[in-house]
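>>> build me a model:
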Amino acid sequence: MKIRNKIALQFSIWVALILVVFSVVIFSLSEYNRREDVYRRLRQTAENAARAWVETSNQNVGVMNTYYQYLPKEDFEDFKLLIFNEQQQTMYAKPKPEGESYSGEVFSKAVQKGYYEAFAGENEMVGLLYQPDSVKFVVLLSAYDVVGKTKVQNLRKVLIISLPIGVGITILVGIFFATLALRPLSQMNKQVSNITAQSLKQRLDEGNRQDEIAQLAMNFNLMLERIEQSFDIQRSFVSNASHELRTPLAALKSEIQVAMQKNRSQTEHQEILQTLLQDTQQLIALTNGLLQLAQSEAKEKAMTFVPLRIDELIFLAHNELEAQHPSYRVLIDYTEIPEDENALTVSGNETLLRTVFLNLMDNACKYSPDHRAEVVIGFDVHHCRIDFKDHGIGIHEEDIGKIFEPFYRARNATNHNGHGIGLSICKRVIKMHRGHINATSTLGAGSTFSVLLPHV
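Alright, predicted model coming up:
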């Protein structure tokens, strides 16, 4: 079932139930008020009849008949007045009752309670105990409320006729408003169906940008923007990876072809093999970088975090860097010595974080003319902060926002070895640890890469 029909059906059912309940309540209240009004008038008439019976000399039936003619009974049918003494003997009856007396129960209740209301068939009846001085007698008065019941019956007919009409109108109105309310969703559905991998630049109409559907369209557009960026990064990754892999492979092929063109001496062969080894090492480094970049995201779900001391990881990475590049020098310092060791403890993966720190220290030394760098370890209430500083070539301002993209290299870094993979790996790993990494730089004066990681 379509959402539009479901909404219209549910709306109609609820409104129909409300109308039924509303109609029942109206009818019940009307009937209750009619009955209360009848009982009020009958009681008042019974009290007047009782007083008249007492005031007639010797309780004269003829005089009482004259009084009976003036009782307010125009709105009633089957109007009956009976007066009994304490022994339940009929003292007055107008008109004469036929068959057995119907007043025994009402008489008993009236004597017990002083006043009692009851039904006598379709008639309403009241029983009133009247005791002036030492005399006691009971007045029973019953009547059929022809005017009131006619009004209530007419009301019932109106409600019965109007209820299905109201439900029918409700169904039509529900369908109309459901269609009207879901029209933006229908339009959005049509727009979404036209979006493909080749047309990710399309965006949904955001309407008034205020209601829930507009918010949905805005969030969907943001998702499209992220997907488009992912596709662009993927296309760029494939293109750059192909280019980067093709260069060393082409160099290997050309060098092998040159070596095979003629017989060469052992020295020449050694030189060619040395060149091939360098190209192979470059290819291995590139392949390892690509593998790390591809696996960093896959590891995110299966990765386990443990408490780690940031300064210990940095010293481990420093030792590894010096083993790989003996000419590199890194000065490690603290902004202040923490009193609580948790200030420098983070929850993370040792291998990945050590790779990040090694990469950042390697870059800092590589781009500094003297191969020297500084690492400053600090902390605040919520984060550990590590700054990696160099005094090298710096980065152009327009390149700062792109250096964390895979394979992107700043325009003044092409003369240095590298493939533009390391910083993208660093950013992804830091993001996996709920941290942040950013760079500031002055062209020709050096750069600072700052890493923020939440401590335990």
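>>> quick check: pLDDT value at Ser57.
Turning to Ser57, the model gives it a pLDDT of 56.
>>> against Leu352, how distant is the nearest residue to Gly348 once chain neighbours are set aside?
What sits nearest to Gly348 in space, not counting adjacent residues and going by Cβ to Cβ, 6 or more residues apart in numbering, is His433, at 4.9 Å. (Each C-beta comes from the backbone N, C-alpha and C, glycine too.) Remark: distance between His433 and Leu352 (Cβ to Cβ, to the nearest Å) = 8 Å.
>>> how about Asp362?
In terms of Cβ to Cβ, Asp362 sits 16 Å off from Leu352.
>>> do the same with Phe305
As defined by Cβ to Cβ, Phe305 lies at a distance of 10 Å from Leu352.
>>> who touches both of those two?
Common contacts of Phe305 and Leu352 (Cβ atoms under 8 Å, 6 or more residues apart in numbering): His433.
>>> neighbour count winner among those two?
Under the criterion of other Cβ atoms under 10 Å, the comparison of Phe305 against Leu352 puts Leu352 first, with 21 against 14.
>>> and the more buried one, its phi and psi?
For Leu352, the backbone dihedrals (degrees, to the nearest 10) come out as phi -70, psi -40.
>>> do Val139 as well
Note on Val139: its backbone torsions stand at phi -110, psi 120 [degrees, to the nearest 10].
>>> show me what the helix or strand hosting Ser28 is packed against.
Taking DSSP states H and E as the criterion, the element that holds Ser28 is helix 3-55. If you count contacts as 3 or more Cβ pairs under 8 Å, 6 or more residues apart in numbering; DSSP states H and E, helix 3-55 packs onto helix 61-69, strand 77-85, strand 123-130, strand 137-144, helix 146-193.
>>> now it: how far from the chain's centre is it?
From the chain centre to the centre of helix 3-55 is a distance of 43 Å (Cα atoms, centre = their mean, to the nearest Å).
>>> where does pLDDT dip in the stretch 51-200 of the chain?
57-59, 73, 97-103, 134, 197-200 (pLDDT under 70).
>>> quick check: angle from the helix holding Ser28 to strand 137-144?
Using axes from the mean of the first three to the mean of the last three Cα atoms, to 10 degrees, one finds that helix 3-55 and strand 137-144 are set 140 degrees apart in direction.
>>> contact partners of stretch 188-198?
Counting by Cβ under 8 Å, 6+ apart, the neighbours of stretch 188-198 from elsewhere in the structure are 202, 204-205, 213, 216-217, 220, 224, 231.
>>> residue boundaries of the strands in the stretch 251-400 of the chain?
Secondary structure of the stretch 251-400 of the chain (DSSP state E, counting those that start in this stretch): strands at 306-309, 329-334, 345-348, 372-379, 383-390.
>>> need the ones you listed in JSON lines (columns: mean pLDDT).
What follows is those, written out as JSON lines (pLDDT from 0 to 100):
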{"stretch": "strand 306-309", "mean pLDDT": "90"}
{"stretch": "strand 329-334", "mean pLDDT": "92"}
{"stretch": "strand 345-348", "mean pLDDT": "90"}
{"stretch": "strand 372-379", "mean pLDDT": "92"}
{"stretch": "strand 383-390", "mean pLDDT": "92"}
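>>> which stretch among those strands comes nearest Glu122?
Closest approach to Glu122 among the strands of the stretch 251-400 of the chain (Cβ to Cβ): strand 345-348, 83.9 Å.
>>> tell me how far Leu360 lies from Asn342.
23 Å.
>>> these two: which is more packed in?
A direct count of neighbours by other Cβ under 10 Å for Leu360 and Asn342 places Leu360 higher, at 25 against 12.
>>> contacts only, for the more buried one.
388, 426, 449, 451.
>>> so the last one sits in a strand?
Yes: Val451 forms part of a strand when assessed by DSSP: H, G, I helix; E, B strand; the rest coil.
>>> name whatever forms a beta bridge with the residue nearest to Val451 when sequence neighbours are not counted.
Across the structure, with Cβ to Cβ, 6+ apart as the measure, the residue nearest Val451 apart from its sequence neighbours is Ile386 (4.7 Å). The partner list for Ile386 in beta bridges (DSSP bridges) reads Ile377, Val451.
>>> count the neighbours of Asp390 for me.
Asp390 - counted by other Cβ under 10 Å - has 27 other residues nearby.
>>> just Arg51 next, same as before
Counted by other Cβ under 10 Å, the residues lying close to Arg51 total 14.
>>> repeat for Asn363
Look at Asn363: counted by other Cβ under 10 Å, it has 23 neighbours.
>>> surely it and Gly422 touch.
Yes: with contacts counted by Cβ atoms under 8 Å, Asn363 reaches Gly422, the gap being 6.5 Å.
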